[in-house]
Every structure is written in structure tokens, then in C-alpha cells.
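In: Just the structure for this:
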Amino acid sequence: MRRTLLAMLVLAVALAAAAAFAPGWLAFLLAVVMAKSLVVAGLVVMWRAGLISFGQALFYGVGAYGAGMLGMRWGVTDFFLITLVGAATAGVIAWVLGFLVARYRGIFFANLNLAFSMLLFGYMVKSSTFGGTDGLRAPIPTFLGYEPGDATRVGVLLVATTAVVLPLLALLHRFLDSTAGRMTTAIRDNEIRVLYLGGSVRRTIHLLVVVAAVLAGAGGAMVALAIGHIDPDVAYWTTSGEFLFVAVLAGPAHVLAAVLGTSVFEVIRTYANEYAPQFWQLILGTSLVLSMLFLPDGLWSLAGRLRRVRKEAGHV
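Out: So this is what the prediction gives:
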């Protein structure tokens, strides 16, 4: 835990420096990376229990649309309040749906989440209240106090996003060290043995669904505030696939792997779009295949390999 907190502190200092000195486009990209890494972290936690969700965009979309509705209907513009409401709304919906989805495993669990996500997408496309296919305009947080194109505003946005994301990742890391968190890998390996030991598999999975949804809702709200617009694609199945892509790229070894995986993904996509717009999807797919071939445990496994190399070098 101490080493993780130290790594988060170093990351916070680096992001603060980027907010102060980096160009606006880079600060914006980092803010989006940090927000999306929350969604990936939730998927990584479920993956540790052997669960794969094809519909995490449902909760991501709830957070994003929650941000838009708060600004449009009620005039709320506070960054932290919007993020809190987005996370809480997604958590409540996940708690209700969890009574059903926690009963299933494997492809049934994955596709049931996908079905709920596509229900939200279909409703948003048809609903004039939520802007239909045109979507909604997200509010500009009042505490920033700068015009949308101002680089200083983007820097403050990065600081605010970091102030939300890193504490949540620290709490998630703490959760994984708790009894319920340690049960995740036991559930993945042998559910029956967990039941014999007195653990509640369904209750733990229900909790994981809610935790992942809260993270996704917060991430969706912050991305909406950063981009300034929300459309139904935030709940589409391709959005869920993108988050799964990053989760596989990152690996389930550590909560900070989500930040690393999202950073690599967004950098590859940004530069592939810039220099090879017709082939960027091929480039991303090739990156994933190479990652699975040479780093089957994700990018974070590189840290373990480096530690082993140092130990072997020290014994020589």
C-alpha cells in the first residue's frame, strides 16, 4: 500500500506539472485519460473475479448524461458535485440491476450487461428530452472561470480530474486488500470452495458490479465536462469494447495499470488518427494482438519483469 501511495504521489506531481507547463492539447488528453482510467479500473476489478462486462458503457453513459442534464435542467455547474451525482446515479442503477446480473457468469453475464447498455442507447437516440442523436451540451464548470479554448482552463480541469481520480484509485486499492477484495480471485478460481468457507459469492459479485459502475459513472461525468458534449454513442457497444480493449492492454495486476493502459491507448489512437486516419483501427488492433502475444498479463507485468531482472542481476 505504501509503495502504491508513493507512486500515486509521483503521478500527481507529474500531472500538476503538466497542468502548469504542458500545452493545452496535452493537458486535455491527460484529463480524458485520467477520467477514462476509472472506467477501466472498474473492469479490471471485475476481471479479477473472472467477470467480463460488454456493457460498461451503460454506467459511463449514465454519468455523462447526468452531467448534461444537471447543467441543462437545473443549472448545476460545480465540477465535483456533477461528478458525485454521476457516480451515485450509476451506482444506484447498478445496485438495482445487480440483483439480476449477479446470478450469471461467463458469456451470460457479459451479454446481459450489453443488453442493458443497448437499451440505454436506444432510448437516448429516440428521446427528445436527452437531445436524440444530437445529444446534449455539457456545462462548463464555474470554478474554472476561463473560456473553453483557454489553455489555463484545461490545466485547471486536469488538476480537478486528478484530485478525483487518484483518491478513488487509492480507495479501490484499499478495497482489493480487504476481505471482500481478496475474495475476487478466490471466486475466479473456485466459487464452490468460497461457498464452503462461508463466503457469499453473489453478494461479492453484486458489490463488484456497483463499485465498477460508480467508477464508470464518475469517469463519464468528467469526460463529458472535459469534452463539453454528450451523444448516445457514449452508451453504444463500441464504447464498451474500447474500455475492454484497454483493460486487456493494461492487465489486472494493479489499479494503476488502468492509468498506464489508458495512456498508451489514447496516445496510439491520437497519433494513428493524425498520421494514418484510414488505418488507425488496424493499428490499434495490431497493438492489442502484440500485447496479448508478448505481454499476456498486460502492460503492468513489465514492472514485475524488471524486478526479476534486477534480482537476477544482483545475484550475479
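
In: quick one, strands of this structure?
Out: Under the criterion DSSP state E, the chain contains strands at 136-137, 229-230.

In: end to end, how far does stretch 52-63 reach?
Out: One end of stretch 52-63 to the other measures 20 Å (CA to CA, to the nearest Å).

In: Show the average pLDDT along it.
Out: Regarding stretch 52-63, the rounded mean pLDDT is 92.

In: same deal with stretch 71-89?
Out: pLDDT averaged over stretch 71-89 gives 89.

In: Please list the outside residues in contact with it.
Out: 62-64, 66-67, 70, 136-144, 157, 160, 164, 214-215, 217-218, 220-222, 225 (CB atoms under 8 Å, 6 or more residues apart in numbering). In short, each C-beta sits where N, CA and C put it, glycine included.

In: and with 6 Å instead?
Out: 62-63, 66-67, 70, 136, 139, 141-142, 160, 164, 214, 217-218, 221-222 (CB atoms under 6 Å, 6 or more residues apart in numbering).

In: Pull out the buried members of these.
Out: The neighbour count (16 or more other CB atoms under 10 Å) marks 62-63, 66-67, 70, 136, 139, 141, 160, 164, 214, 217-218, 221-222 as buried among the contacts of stretch 71-89.

In: Roughly how far does the residue most central in space within the chain sit from Ala57?
Out: The C-alpha lying nearest the average C-alpha coordinate of the chain belongs to Val39 (CA atoms, centre = their mean; 1.5 Å). Using CB to CB, to the nearest Å, Val39 is found at 9 Å from Ala57.

In: Share the number of residues neighbouring Val255, please.
Out: A count of nearby residues for Val255, using other CB atoms under 10 Å, gives 26.

In: wait, what's in contact with it?
Out: 41, 169, 172-173.

In: Try it again at 8 Å.
Out: 4, 41, 44, 169, 172-173, 176.

In: just Val210 next, same as before
Out: Val210 touches 91, 94-95, 98, counting by CB under 8 Å, 6+ apart.

In: now it, nearest residue through space, not along the chain?
Out: Ala94 (4.7 Å; CB to CB, 6 or more residues apart in numbering).

In: thought the one you found was touching Ala212?
Out: Yes. Using CB atoms under 8 Å, Ala94 makes contact with Ala212 at a distance of 7.5 Å.

In: Need the overlap of contacts for those two.
Out: Residues touching both Ala94 and Ala212 by CB under 8 Å, 6+ apart: Phe59.

In: pLDDT weak spots in this protein?
Out: Counting by pLDDT under 70, the chain has low-confidence residues at 1, 142-152, 303-316.
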